[in-house]
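# all I have is the shape, not the residue letters:
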């Protein structure tokens, strides 16, 4: 009888084992951030008003019309006087960069942020199983990832990915690689390093669509320590819930709106087309369409479906009722998201996302302040925004953060994080720790218009640069 009972229970026991194994395997596929370190360059690399004018005057391709355009662009860009530029700018060699300049810029970031991160977290370089590095506009041999491995003498069996050409959305692409590896291997510790190299990419021509990038991009970067080891869960700051990538490279308009190329004089630069806002909006809509069902509650999705259906029926039956046009989102993302971490691509980008998602000034504050203090640091910008939220002690355990980034291609990537513990006051590791009490300032206006506004009244036929500005 016992023998028969055993055989009857055997399928049940085996099924229970399979269920336990499935649950156990899924738990090891989680992606946690243990710590991260944003890069803060030294003060001798700060870009003030007078230095900006110095750099512009060194460009002999610019005339009065270009000066007026640049003044208007920098005044409306939302960038302050505390941002950072590569050292090549301060030596006056931005028009003739060397390979060593780019490598030196990246190594200064690597060796500062990675060392601080590993030291604070208590991890040794030999404990890193996976290294992912993304720097879009510098490709060298050996790779930048190899330089990190050589510097820290990492293990010979470390898995390495070195990404280039991914643009401002590269952080989340690198994160997707980490997530994919975590799904196939257990107890993996990963180091993600994200930045952009500006030294060899300063545009010295006069094409307006290309000199605009000079006004927006600044030096920065971030090193992030991640794991799927559940034994380290208690140390985690954030847990990845989902990630969605959207790529519109098959659309000619989207592909060409944001591209590195040479101008008519053969000068290399980064072209930002007038159709960029349209491409960004289109990719954002497609991305949100895919991620919304994963992050929003069923009741909000149902409400959205009913409202959308009602609008379609109203339009189909030719209702004469006039409805005020609106660009606001019909769906309420706050029902599933507590904080919005937005790429600091520029004031227009932040404003556009704010309108599209119907966000408040409180929601947009972290992105606006990051743009003002650090500028557009490309792929690293999201982490400065996240650090601001932490420094302001906004984050509470269980809350959810939506990250949204854009990049050349054209791409829109987004992901959702769950906060694993309440944020505390900005400590030594937070890039905002020395200035957080002064943010937000009473005004985000920069002094460029006050100092150089006179140029708007100048006439091209009589214009001459005042001697006080010539060194």
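Happy to help now that I have it. On a predicted model such as this, the values are computed, not experimentally measured, just so you know.
# count the neighbours of residue 258 for me.
By other Cβ atoms under 10 Å, the residues close to residue 258 number 24. Where you see a C-beta, it was placed from the backbone N, CA and C, and this is true even at glycine.
# I'd like to know how far it sits from residue 334.
As for residue 258, its distance to residue 334 is 30 Å (criterion: Cβ to Cβ, to the nearest Å).
# identify the residues contacting residue 278.
253, 257 (Cβ atoms under 8 Å, 6 or more residues apart in numbering).
# where does this structure dip in pLDDT?
The chain contains residues with pLDDT under 70 at 1-10, 13-18, 20-28, 315-329, 425-427, 468-471.
# where along it do the strands fall?
According to DSSP state E, the chain carries its strands in the segments 32-38, 130-135, 159-163, 189-195, 221-227, 238-247, 258-262, 268-272, 339-342, 400-407, 411-419.
# can you list contacts of the first one?
Contacts to strand 32-38, defined as Cβ under 8 Å, 6+ apart, come from residues 113-114, 116-117, 120-121, 220-228, 232-233, 235-240, 380, 383-384, 386-387, 417, 420, 429-431.
# chain center to stretch 385-404: distance?
14 Å (Cα atoms, centre = their mean, to the nearest Å).
# quick revisit: do you know which of the strands of the chain lies nearest residue 19?
Evaluated over the strands of the chain, closeness to residue 19 peaks at strand 238-247, with 22.8 Å, by Cβ to Cβ.
# for the closest one, which strands pair with it and how are they oriented?
Here strand 238-247 is paired, per DSSP bridges, with strand 32-38 (antiparallel), strand 411-419 (antiparallel).
# what angle do it and strand 221-227 make?
Between strand 238-247 and strand 221-227, the angle comes out at 120 degrees (axes from the mean of the first three to the mean of the last three Cα atoms, to 10 degrees).
# so what touches strand 238-247?
Under Cβ under 8 Å, 6+ apart, the answer for strand 238-247 is 30-33, 172-173, 175-176, 179, 283, 286-287, 290-291, 294-295, 400-401, 409-420.
# give me that answer again for 6 Å
For strand 238-247, the surrounding residues in contact (Cβ atoms under 6 Å, 6 or more residues apart in numbering) are 31-33, 176, 283, 286-287, 290-291, 294, 409, 411-418, 420.
# separation between residue 144 and residue 179?
In this structure, residue 144 lies at 22 Å from residue 179, with Cβ to Cβ as the measure.
# kindly report the same for residue 271.
If you measure residue 271 against residue 179 using Cβ to Cβ, the figure is 32 Å.
# likewise for residue 397?
In this structure, residue 397 and residue 179 are 22 Å apart, going by Cβ to Cβ.
# looking at the two, which one has more neighbours?
Each of residue 397 and residue 179 has its neighbours counted (other Cβ under 10 Å); residue 179 has more, 20 against 10.
# hmm, that one is touching residue 30, no?
No. Look at residue 179 against residue 30 with Cβ atoms under 6 Å: they stay out of range, at 9.5 Å.
# TSV please, covering the strands paired with strand 238-247 and showing distance to residue 436 and mean neighbour count.
As requested, those are exported to TSV (distance: least, Cβ to Cβ, whole Å; neighbours: other Cβ atoms under 10 Å):
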stretch	distance to residue 436	mean neighbour count
strand 32-38	13	23
strand 411-419	18	24
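# between those strands, which one is closest to residue 150.
Taking Cβ to Cβ as the measure, those were each checked against residue 150, and strand 32-38 came out nearest at 20.2 Å.
# any idea of the angle that closest one forms with strand 189-195?
Between the axes of strand 32-38 and strand 189-195, defined by the same axes, to 10 degrees, the angle is 30 degrees.
# distance from the chain centre to strand 32-38, please.
15 Å.
# centre of the chain to stretch 349-359, how far?
What separates the centre of stretch 349-359 from the centre of its chain is 16 Å, taken as Cα atoms, centre = their mean.
# circling back: of the strands of the chain, which is nearest residue 211?
That would be strand 268-272 among those, by Cβ to Cβ, at 7.5 Å.
# so what touches that closest one?
Identification of contacts with strand 268-272 by Cβ under 6 Å, 6+ apart yields 203, 209, 210, 212, 213, 258, 259, 260, 261, 262.
# out of the residues you listed, who's nearest residue 49?
Distance ranking of the contacts of strand 268-272 against residue 49, using Cβ to Cβ, places residue 212 first at 18.3 Å.
# identify the residue nearest that closest one in space, chain neighbours excluded?
Spatial nearest neighbour of residue 212, excluding adjacent residues (Cβ to Cβ, 6 or more residues apart in numbering): residue 272 at 5.2 Å.
# so what's that neighbour bridging to?
When bridges are assigned using DSSP bridges, the partners listed for residue 272 are residue 258.
# can you get me a residue count around it?
20.
# do residue 72 as well
14.
# again, but for the one 5 residues further on
For residue 77, the tally of surrounding residues (other Cβ under 10 Å) stands at 20.
# give me the distance between the residue nearest to it when sequence neighbours are not counted and residue 67.
On the basis of Cβ to Cβ, 6+ apart, the spatially nearest residue to residue 77 that is not a chain neighbour turns out to be residue 215, at 5.5 Å. With distances defined as Cβ to Cβ, the gap from residue 215 to residue 67 amounts to 12 Å.
# go on, residue 407?
Summarising the geometry, the distance separating residue 407 from residue 67, computed by Cβ to Cβ, is 30 Å.
# and those two? Which one has more around it.
Of the pair residue 407 and residue 67, residue 407 is the one with more neighbours under other Cβ under 10 Å, namely 26 against 19.
# so who does the more buried one touch?
Taking Cβ under 6 Å, 6+ apart, we find residue 407 in contact with 167, 168, 169.
# one more pass at 10 Å, please.
When contacts are counted by Cβ atoms under 10 Å, 6 or more residues apart in numbering, residue 407 is found next to 136, 165-173, 247, 258, 280, 283, 343, 345, 378-379, 413.
# cool, residue 420 as well?
Under the contact definition (Cβ under 10 Å, 6+ apart), the residues listed for residue 420 are 32-34, 233-239, 395, 397-398.
# one more pass at 6 Å, please.
Applying Cβ under 6 Å, 6+ apart, one finds that residue 420 lies in contact with 236, 237, 239.
# how about the nearest residue to the first one, chain neighbours excluded?
So the one you mean is residue 236. Taking Cβ to Cβ, 6+ apart as the measure, residue 236 lies nearest to residue 32, with 3.8 Å between them; neighbours along the chain are not counted.
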